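J.: Generate a structure from the sequence data that follows.
(4 chains, ligands or ions: 6)
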Amino acid sequence: MKKLINSPENVVEEMIEGYVKAHPSHVRRLAENDRALVTAKETAEGKVGILIGGGSGHEPAFMGYVGDGMADGVAVGNIFASPPPAPILEVTKAVNKGAGVLYLYGNYAGDVMNFGMASDLADMEDIQVEMVLASDDVASAPKAEKEKRRGIAGEFFVYKTAGAAADFGYNLEDVANIAKKTNENTRSMGVGLSPCSLPQTGEPSFELGENEMEVGLGHHGEPGLRKAPIDTADNVADELLNSILLDIELNEGDDVAVLVNGLGSTPRMELYIMFRRVEQVLKEKGINIYRSYVGDYITSLEMGGASITLTKLDDEMKKMIDHPVDCPMFVQK
Amino acid sequence: MKKLINSPENVVEEMIEGYVKAHPSHVRRLAENDRALVTAKETAEGKVGILIGGGSGHEPAFMGYVGDGMADGVAVGNIFASPPPAPILEVTKAVNKGAGVLYLYGNYAGDVMNFGMASDLADMEDIQVEMVLASDDVASAPKAEKEKRRGIAGEFFVYKTAGAAADFGYNLEDVANIAKKTNENTRSMGVGLSPCSLPQTGEPSFELGENEMEVGLGHHGEPGLRKAPIDTADNVADELLNSILLDIELNEGDDVAVLVNGLGSTPRMELYIMFRRVEQVLKEKGINIYRSYVGDYITSLEMGGASITLTKLDDEMKKMIDHPVDCPMFVQK
Amino acid sequence: MNFTAKELINYFKQVVEVMENEKNYLCELDRKLGDGDHGVTMSIGWQAVNKKLTNELENETDCGKISSEVGMTFLNAVGSSVGPLYATGLIKGAKVVKGKSVLNDSDLAEFWIAFANGIKERGKAEVGDKTIVDTLAPAAKTLEENFAESGDFLSAFNEAVKSGEEGMKSTTDLISRLGRSSRLGERSKGAQDPGATSAYMMLSTFLTVVKMRSE
Amino acid sequence: MNFTAKELINYFKQVVEVMENEKNYLCELDRKLGDGDHGVTMSIGWQAVNKKLTNELENETDCGKISSEVGMTFLNAVGSSVGPLYATGLIKGAKVVKGKSVLNDSDLAEFWIAFANGIKERGKAEVGDKTIVDTLAPAAKTLEENFAESGDFLSAFNEAVKSGEEGMKSTTDLISRLGRSSRLGERSKGAQDPGATSAYMMLSTFLTVVKMRSE
Ligand SMILES: Nc1ncnc2c1ncn2[C@@H]1O[C@H](COP(=O)(O)OP(=O)(O)O)[C@@H](O)[C@H]1O
Ligand SMILES: Nc1ncnc2c1ncn2[C@@H]1O[C@H](COP(=O)(O)OP(=O)(O)O)[C@@H](O)[C@H]1O
Ligand SMILES: [Mg+2]
Ligand SMILES: [Mg+2]
Ligand SMILES: [Mg+2]
Ligand SMILES: [Mg+2]
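T.: Ligands and ions are numbered 1, 2, ... in the order given. Below you'll find the model as predicted:
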């Protein structure tokens, strides 16, 4: 695949350079570590720090979500690779305003180890750290083993509610509880149509036949549940939604937030066609869509495909979902 | 190319359905015409109406830019085809608050004819209409024939400033003047890496060799100035910028707004790498970046590639660029 | 010749079929010069016309009404460049046959001349710009001259279609000066203009229809 | 055997080369099971180590310092899953050789056993989970038993690498239970684990290095 880059070795560094130059009033790089970015605005003393992070290549995630109402800082890894402990630790120190720091990241072996090591190091510096791992992908493990599931697009809602709760002055434990509650009430599932390629290898991340799709694809190109012939948007949406609805109890009158997420190269046109079906099905079941997000929220470079996420909302979570946000790659009024 | 659609004939209809269902508090469809959308909020009596439009397939443009601070309504065409006069006229009637309506669209033969016919019809209904055509693509005609140039991503800045001016209570002539001033001070140029395909044909919109790019590509896949071997992001950015800087006088100390726009499937990572180079070059020349936009603002389905836009700003335009916006696909605080 | 409203409807139905069959070819031409949608646009437009023809217009006897409704339906279904162009042509043609349920030779000649002129006015294109007009303008000229001489529509139209064909073919070597392809400069040479091609199909289909009835 | 700090540095430089050469192969394995980056990650990490080795560590004589610095450099360059794993192994190994500029047979045996155990503890993987541990655990076991018997590092390590190789190969038929590939279930069968493969390369490269000096 053709790429507008200079050299594969420098893509992450150069992306970060461009990013901080493009949004100087929003984000800045810490002098202590190249891969450690924090909000350029002064955050309030006593506010719980929200730290997010993970591999690059998922933009807007994760670095795009630093700003008012979302994360205070981000540790940036190589492409599809967890950041090491060092930038996580530096961000931790920078965003700790005396109330501790909440780490939010997806449930991947690498992230678990690196964020875990960083939290041990933070502990040695007497900074209180809590961690909440997103595990929303219903395709990645059976319901009985939810804690094994990987985090995909649903992570967005975890940042959204936790970021708001921290803004509202909740303490560390309570912010962590909101994040946990959001994760517990969030389910996602995706479908892949075409692969992405790492700049360093240029090789497609997976292979699919000309008329094939990968149902349950992970957002690093991890194989999903099965390959299947490509189907209509409505049938694909139905299959993803059915898997989600089998996994989480939703009753008539319940409120949900919906995210139809593009993996990178899928046009918004197709995402809205998917959303159309989601809305039809939920309406039939009497489930109320409280807020909708349609677009590229967590991508995999130029991968083709989409995922659907539902988060069941209670009143507290609705307040958090409604809270305004001002990040370089996501703004909500 | 694989697509998540139901049937090629219904993509535009189903996209609009999904769109209005996803953002019911932002946009609504007029009963009079399926392809006529207006802001769901009440706009003030006496405010100049801003009407935008063009073919589908450019999302977020054009329908994504209806909302506070941008357009009051949009007429939606088929894929890459101007909307006919009927929806334009219906939107005109709906957004006219007694102060007239400004049509903003790109300089394409089809749009010129259809918007022209609509404005004749509006005239017959005693609605005052002004039109400003974006013509920012330096690759599409020599400088001496600027009025022949097509409109590409720079249209975004025309909507931005005109939308703000209308909000500030400017009259129709003055809003049109701001739009014209913006267009006159805006230059864009793009590069194509990979084609898109129309849902109805499935055929690639143009052909490129494995290591080729199309310099000066139009955003419907119109061939550009020349095909060239693919180059580094820095060299590509330099070529696009040079063409722009040869075309518009920019001196040390001047302020510009910058847009690095993705055509659809180009990852944000690459756009930020492009932006990084733009910033370097402008900095060397002492040109000040007042505000930056990096992302997919006007796309061509899943086309690969990017464009660079510069708009030279005076104080009035800066005020307009800073004005907040709340649209379904673009929010600015 | 007495060309009835029913036959006019039948002609438009033939166009529906031709455009459906030539959809991919017209797209292919447009991919070389423009955005690749001309066949799709013609198909969308004429399919919408087809619905109109088989419903509201089924028993319509006013040839003017038929032609203007076909034009408006086409326009509202497609927009695009060719929407206003073909619609204007059809509406201008409609004006000269307004209220008539049967068209004689001179009505038919006037209809097609008005059609071609309407398109030329709307698009402000000249012969040589590499557009629809390269087919229609020479066709209209031949029609006018031949009909003035002979007073026979069929033979005059037969000649007109030949001129249109030549005009269409001439677009291959032209450098485009209007529409999307105008930005190609020298690179627009070597490909036949899609609009000139669909315009030729409109004419040649009409010729086929009137030829068949006269056999 | 007297294995010097200089030789340890040399070993790590050999690893740099091996990982560079095997980059594409390791990525290919990871594309089947994970996200396709294992070779890239190893390359990035060991290239960073290479810089460290040829600069700050060039004249370092403390084997413990060398190993822990190599571990930290690798970790900070890559993060990922294997960053913490290999770094922990190298740091645990470093602990048992801390302050030593020359390593004898028993130091070397202890180093590699600590390396393997460190990785196992960090990743909480068991044999059969289809990970690095499938190479390292049997290798460490063989090393420990053989060395306890013979007291000869070279021969014991030779056997250990054979066990590691068997372990690596065994991963092909395993169903993954940890890391990205664990979500594949049955579909993870049939592909050799990339981490188990790179771990084997670490061991076999060391064997080559110590064999060469004993010739
Ligand atoms: N001003 C004009 N006058 C006459 N014909 C035109 C004009 N502009 C464009 N055309 C015709 O329109 C054709 C393209 O039609 P189509 O592809 O349907 O529209 P679009 O260019 O909007 O995609 C061209 O091949 C050309 O013949
Ligand atoms: N918990 C673990 N313990 C041991 N090895 C592991 C563990 N998790 C993953 N691995 C190893 O890591 C390898 C993948 O490494 P790599 O591709 O570099 O990291 P990532 O999975 O983050 O992309 C797997 O092949 C496996 O051998
Ligand atoms: Mg990885
Ligand atoms: Mg078009
Ligand atoms: Mg076209
Ligand atoms: Mg991997």
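J.: residue boundaries of the helices in the chain?
T.: In the absence of a named chain, chain A is used. A:11-22, A:85-95, A:109-124, A:155-167, A:172-184, A:233-247, A:268-284, A:315-322 (DSSP state H).
J.: other chain: chain C
T.: Under DSSP H, chain C gives helices at C:5-33, C:38-54, C:63-78, C:82-97, C:105-123, C:133-150, C:153-170, C:194-214.
J.: care to break chain A down by domain?
T.: Structural domains assigned to chain A are A:8-184+A:322-332, A:186-319, following automatic domain parsing.
J.: Report whether stretch C:13-23 contacts ligand 1.
T.: No. Judged by CB under 6 Å from any ligand atom, stretch C:13-23 makes no contact with ligand 1; its nearest approach is 11.3 Å. Using the backbone N, CA and C atoms, a C-beta is placed for each residue, glycine as well.
J.: With just CA atoms, put that stretch into PDB.
T.: The C-alpha trace of stretch C:13-23 is given here as PDB (Å, rounded to 0.1, in the frame of the first residue of the first chain):
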ATOM      1  CA  LYS C  13     -38.900   4.200 -23.400                       C
ATOM      2  CA  GLN C  14     -36.400   3.200 -26.100                       C
ATOM      3  CA  VAL C  15     -34.000   5.800 -24.700                       C
ATOM      4  CA  VAL C  16     -34.400   4.200 -21.300                       C
ATOM      5  CA  GLU C  17     -33.300   0.900 -22.700                       C
ATOM      6  CA  VAL C  18     -30.500   2.300 -24.700                       C
ATOM      7  CA  MET C  19     -29.000   4.200 -21.700                       C
ATOM      8  CA  GLU C  20     -29.400   1.200 -19.500                       C
ATOM      9  CA  ASN C  21     -27.500  -0.900 -22.000                       C
ATOM     10  CA  GLU C  22     -24.800   1.700 -22.600                       C
ATOM     11  CA  LYS C  23     -24.400   2.600 -18.900                       C
END
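J.: neighbouring contacts of that stretch?
T.: By CB atoms under 8 Å, 6 or more residues apart in numbering or on different chains, the residues outside stretch C:13-23 that reach it are C:26, C:39-40, C:42-43, C:45-47, C:49-50, C:53, C:198, C:201-202, C:205, C:208-209.
J.: can we see that at 10 Å?
T.: For stretch C:13-23, contacts defined as CB atoms under 10 Å, 6 or more residues apart in numbering or on different chains pick out B:200-201, C:26, C:28-29, C:38-51, C:53-54, C:70, C:74, C:197-198, C:201-202, C:204-206, C:208-209, C:212.
J.: Now a ChimeraX select for only the buried ones of these.
T.: Here is the ChimeraX command that selects the buried residues among the contacts of stretch C:13-23 (16 or more other CB atoms under 10 Å in any protein chain shown):
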select /B:200,201 /C:26,28,29,38,39,40,41,42,43,44,45,46,48,49,50,53,70,74,197,198,201,202,204,205,206,209
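J.: what sits against the closest residue to ligand 1 within the stretch 101-250 of chain A?
T.: Nearest residue of the stretch 101-250 of chain A to ligand 1, counting by CB to the nearest ligand atom: residue A:233, 25.2 Å away. Under the criterion of CB under 10 Å, 6+ apart, the neighbours of residue A:233 are A:270-277, A:306, B:3-7, B:10-11, B:14, B:18.
J.: Flag every residue of chain A that's near ligand 2.
T.: With CB under 6 Å from any ligand atom as the criterion, chain A meets ligand 2 at residues A:81, A:109-110.
J.: In TSV, list the helices of chain A along with distance to ligand 3 and mean pLDDT.
T.: As requested, those are exported to TSV (distance: least, CB to the ion, whole Å; pLDDT from 0 to 100):
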stretch	distance to ligand 3	mean pLDDT
helix A:11-22	13	98
helix A:85-95	16	98
helix A:109-124	6	96
helix A:155-167	16	98
helix A:172-184	22	98
helix A:233-247	24	98
helix A:268-284	26	98
helix A:315-322	31	98
